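**Q** Need coordinates for the following:
(one chain, ligands or ions: 2)
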Amino acid sequence: MTEIRLPELALVALVGASSAGKSTFAARHFEPTEVLSSDFFRALVSDDESSLEATGDAFDSLFFVAGKRLARGRLTVVDATSVRPDDRRRLVDLARQHDVLPVAIVLDLPRAVLEARHAARPDRDFRPDVIGRQVSELRRTLRGLQKEGFRHVWVLRSGEAVDAAQVSRVP
Ligand code: CTP
Ligand code: MG
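**A** Ligands and ions are numbered 1, 2, ... in the order given. The predicted structure follows:
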């Protein structure tokens, strides 16, 4: 069982392909207001949580709010795929600007599991090969996370490992 011991003040990046279970994990272990999800911000700016065209405005808004929270000393969870180093760099930079520890919780599930979940979801209508590309991008770059600046990196590799993980906060 993985025990995720988070610093009381951290910028927590949930990292994983679509259907890895990031939003489910966030809802289970964090307060709703601690979690900033890219879908929610897409909806806030465009009324459509799946609007790819709104991605730029959604992330600008998400980062603005995340910065305000960190400046106030509030632990903040970013629920977005963050499978690309460029996406994660922005998170590490934000944490550094606020003297907060960036940490990553990676949900690296088998592709077949993700595809099966995706097929059962009414709220995700993109083609399953998108998930394959996200998984490849994550696996190709996963070893570099610590070097990117994440102070702690926890990797969960199965649905069972995700379900069993415990999250605590240490002063
Ligand atoms: N799911 C599941 N078992 C889990 C966790 C999630 O079967 N232990 C299912 C959920 O019911 C949901 C799907 O997998 O239908 C995706 O879970 P979600 O938490 O929404 O995944 P995300 O990583 O947030 O996906 P996205 O990036 O598309 O938001
Ligand atoms: Mg989600």
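
**Q** Report the distance from stretch 97-113 to the chain centre.
**A** Between the centre of stretch 97-113 and the centre of its chain there are 6 Å (C-alpha atoms, centre = their mean, to the nearest Å).

**Q** repeat for stretch 138-156
**A** Put simply, stretch 138-156 sits 12 Å off its chain's centre (C-alpha atoms, centre = their mean).

**Q** Who are the contact partners of Gly67?
**A** Contacts of Gly67 were listed using C-beta atoms under 8 Å, 6 or more residues apart in numbering, and they are 94, 97-98. C-beta here means a position set from N, CA and C on the backbone, and glycine is covered the same way.

**Q** Verify the stated contact: Val153 with Val103.
**A** Yes - counting by C-beta atoms under 8 Å, Val103 is a contact partner of Val153 at 7.3 Å.

**Q** Look up how far His152 lies from Ser23.
**A** For Ser23, the distance to His152 (C-beta to C-beta, to the nearest Å) stands at 21 Å.

**Q** Tell me the spacing between the closest residue in space to Phe41 that isn't next to it in sequence and Ala119.
**A** Excluding the flanking residues, the one nearest Phe41 by C-beta to C-beta, 6 or more residues apart in numbering is Ala58, at 4.0 Å. The gap separating Ala58 from Ala119 is 26 Å, by C-beta to C-beta.

**Q** okay, the two: which has more neighbours?
**A** Ala58 (24 against 10; other C-beta atoms under 10 Å).

**Q** Surely the more buried one is in a helix?
**A** Yes - counting by DSSP: H, G, I helix; E, B strand; the rest coil, one finds Ala58 located in a helix.

**Q** quick one on the thing from earlier: just confirm the residue nearest to Phe41 contacts Ser37, I think it does.
**A** No - with contacts counted by C-beta under 8 Å, Ala58 stays clear of Ser37, the gap being 9.6 Å.

**Q** now the strands: where do they sit in this structure?
**A** Taking DSSP state E, the strands of the chain run over residues 3-7, 10-15, 35-37, 76-79, 101-107, 152-156, 166-170.

**Q** Using JSON lines, please lay out those strands together with mean neighbour count, distance to Glu49 and mean pLDDT.
**A** JSON lines is the format used below for those (neighbours: other C-beta atoms under 10 Å; distance: least, C-beta to C-beta, whole Å; pLDDT from 0 to 100):
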{"stretch": "strand 3-7", "mean neighbour count": "15", "distance to Glu49": "27", "mean pLDDT": "97"}
{"stretch": "strand 10-15", "mean neighbour count": "26", "distance to Glu49": "17", "mean pLDDT": "98"}
{"stretch": "strand 35-37", "mean neighbour count": "20", "distance to Glu49": "9", "mean pLDDT": "98"}
{"stretch": "strand 76-79", "mean neighbour count": "26", "distance to Glu49": "12", "mean pLDDT": "98"}
{"stretch": "strand 101-107", "mean neighbour count": "23", "distance to Glu49": "20", "mean pLDDT": "98"}
{"stretch": "strand 152-156", "mean neighbour count": "18", "distance to Glu49": "25", "mean pLDDT": "98"}
{"stretch": "strand 166-170", "mean neighbour count": "11", "distance to Glu49": "25", "mean pLDDT": "97"}
